[in-house]
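Asker: give the three-dimensional model of this entry:
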Amino acid sequence: MKKVLFVNYSTQPGGAEHSLLGLLQSLDTSRYQPSVLTFSKDGFLVQSVLDRGIECLSVSNPFVGEGPSRTLGLGGAFRVVLALPQMLFTCLEIQRLIKKGSFSLVHTNNAKSHILGG
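Answerer: A predicted model of the protein is given here:
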């Protein structure tokens, strides 16, 4: 059985989260053991994953307090630069979880997850 880690940045309901839940629902659990990694310990996605009996892990969020509209423009770029040390810490935290969990495959489910978990 192969262990698969699905990384998703947001835990709030949206298209990527619903798509991930559909993917988890249709996954052949006789061949794959899924786990989900989020950047928050609560929210719609966390509860939905746990309700399905799937392991849900979390790591620190380098963009705490950021809303969707705050990622654009020069101010957004400045916030990313300020968050670089925390981003590095989070990437190392994810790397440690991947090694510890012996995952065969890591699937990143959205843009921030691609950067931090890829």
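
Asker: list the contacts for residue 17?
Answerer: Taking CB atoms under 8 Å, 6 or more residues apart in numbering, we find residue 17 in contact with 8, 10-11, 44-45, 48. Glycine gets a C-beta too; all of them are placed from N, C-alpha and C.

Asker: next: residue 12.
Answerer: For residue 12, the contact set (CB under 8 Å, 6+ apart) comprises 43-45.

Asker: before we move on, back to that, now for the contacts of residue 17: which two are most distant?
Answerer: Using CB to CB, the pair of these lying farthest apart is 10 and 48, separated by 12.4 Å.

Asker: quick revisit: and of the contacts of residue 17, the nearest to residue 105?
Answerer: Nearest to residue 105 out of the contacts of residue 17 is residue 8 (CB to CB; 14.7 Å).

Asker: what about the closest one, neighbour count?
Answerer: Residue 8 has 26 neighbouring residues, counting by other CB atoms under 10 Å.

Asker: kindly report the same for residue 6.
Answerer: 25.

Asker: report the secondary structure state of it.
Answerer: strand (DSSP: H, G, I helix; E, B strand; the rest coil).
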